[in-house]
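Asker: Structure for the following, please:
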Amino acid sequence: MNIYVLVKRTFDTEEKLVISGGKIQDDGAEFIINPYDEYAIEEAITVRDEHGGEVTVITIGGEEAEKQLRTALAMGADKAVLINTEDDLEEMDEFTTSYILAEYLKDKEADLILAGNVAIDGGSGQVGPRVADLLDINYVTTITSLKIDGSTVTIVRDIEGDAEELETSLPLLVTAQQGLNEPRYPSLPGIMKAKKKPLEELELDDLDIEEDDVEAKTETIEIYLPPKKEAGRVLEGDISAQVSELVGLLRNEAKVI
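Answerer: Residues are numbered from 1 along each chain as shown. Now for the predicted structure:
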């Protein structure tokens, strides 16, 4: 089975964001594989081990992203591809990312493509479905179970506090939700093997993509932190007094009634 995983390099979830001049400052910050993408990598490895085939992880970015690809290889992926856009593109959005990934994948005859449900830095959840649409293949989002029998795929997906079971067919793109599996940690032997596994680096020219073809369709005007919340207030006195004070606060300070 020919399996691909779309991976994104994101801020470590433990990092404190620093914003200056309307942009996130990432100097000295730690980066990791987007946590939802780890579920996708784990599921890809599980499917390969059950059905045979090969797992290739793909990311877009600069040379720094090689570290995250090596981590994915240490987890058990077979190959990695870095599409380096560092010297070609200053700004990227979901359109840009999806177009580049689809151009790479269009002749790869992928049976199964996996991605994270969302990226923790943007949270749009657009890239996976956009890639599937460009490739004209089936896709299912927020999956929590995946079972393959021949070309038939049975899926359970998360839907706002409930679950939906459906059946579809390969080729297929799915996005992984928390609960799909428990991602493994790279073992020491896996880390050593990862150093020898193939990691291909491509540029836009290698995909016959012109910069104008992938110009971002959206522009980020400014990034800012939410306003600091004021400290809570404890109401005192008997119930009737507390209710009266609360109504007054809601009307005069919060202005919600």
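Asker: same for the longest strand seen in the chain, what does it pack against?
Answerer: Of all segments of type strand in the chain, defined using DSSP state E, the longest is strand 138-149. Contacts of strand 138-149 with other secondary structure elements, assessed using 3 or more CB pairs under 8 Å, 6 or more residues apart in numbering; DSSP states H and E, are made with helix 35-51, helix 127-135, strand 152-159, strand 162-169, strand 172-176. Using the backbone N, CA and C atoms, a C-beta is placed for each residue, glycine as well.
Asker: Strands along the chain, start to end?
Answerer: Listed in chain order, the strands of the chain (DSSP E) span residues 2-6, 9-11, 19-20, 23-24, 31-33, 54-61, 79-84, 112-116, 138-149, 152-159, 162-169, 172-176, 199-202.
Asker: Residue 186: which of those is closest?
Answerer: strand 31-33 (10.6 Å; CB to CB).
Asker: Just checking: what are the partner strands of that closest one?
Answerer: Strand 31-33 has these partner strands in its sheet, going by DSSP bridges: strand 9-11 (antiparallel).
Asker: can you list contacts of the partner strand?
Answerer: Contacts made with strand 9-11 from outside it, assessed by CB atoms under 8 Å, 6 or more residues apart in numbering, are listed as 17, 24, 26, 29-35, 59, 61, 64-65, 68, 119-121.
Asker: at 7 Å instead, please
Answerer: When contacts are taken as CB atoms under 7 Å, 6 or more residues apart in numbering, the neighbours of strand 9-11 outside the stretch itself are 29, 31, 32, 34, 59, 61, 65, 68, 119, 120, 121.
Asker: right, and the first one touches residue 17 too?
Answerer: So that's residue 29. No - in terms of CB atoms under 7 Å, residue 29 does not count as a neighbour of residue 17; the distance is 8.6 Å.
Asker: PyMOL command for the buried members of the contacts of strand 9-11?
Answerer: Restricted to the buried members of the contacts of strand 9-11, where burial is judged by 16 or more other CB atoms under 10 Å, the PyMOL selection command reads as follows:
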select buried, resi 31+32+34+59+61+65+68+119+120
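Asker: Spatially nearest residue to residue 29, not counting backbone neighbours?
Answerer: Among residues not flanking residue 29 along the chain, residue 15 sits closest, at 5.2 Å (CB to CB, 6 or more residues apart in numbering).
Asker: For residue 47, see how far away that neighbour is.
Answerer: Taking CB to CB, to the nearest Å as the criterion, residue 15 is separated from residue 47 by 32 Å.
Asker: between the two, which one's more packed in?
Answerer: For residue 15 versus residue 47, neighbours defined as other CB atoms under 10 Å are more numerous around residue 47 (20 against 15).
Asker: List the contacts of that one.
Answerer: Going by CB under 7 Å, 6+ apart, the list of residues near residue 47 reads 1, 3, 112, 148.
Asker: Residue 139: neighbour count?
Answerer: Considering only other CB under 10 Å, residue 139 is surrounded by 19 other residues.
Asker: Grab the nearest non-local neighbour of it.
Answerer: residue 132 (3.5 Å).
Asker: so can I have CSV of the strands of the chain showing mean pLDDT and distance to residue 236?
Answerer: Compiled in CSV, the strands of the chain are given as follows (pLDDT from 0 to 100; distance: least, CB to CB, whole Å):
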stretch, mean pLDDT, distance to residue 236
strand 2-6, 98, 55
strand 9-11, 88, 42
strand 19-20, 72, 38
strand 23-24, 72, 42
strand 31-33, 91, 46
strand 54-61, 97, 55
strand 79-84, 97, 61
strand 112-116, 97, 47
strand 138-149, 96, 45
strand 152-159, 95, 43
strand 162-169, 95, 42
strand 172-176, 97, 49
strand 199-202, 96, 64
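Asker: which one of these is the most hemmed in?
Answerer: Burial among those, expressed as mean neighbours by mean count of other CB atoms under 10 Å, is greatest for strand 112-116, which shows a mean of 28.
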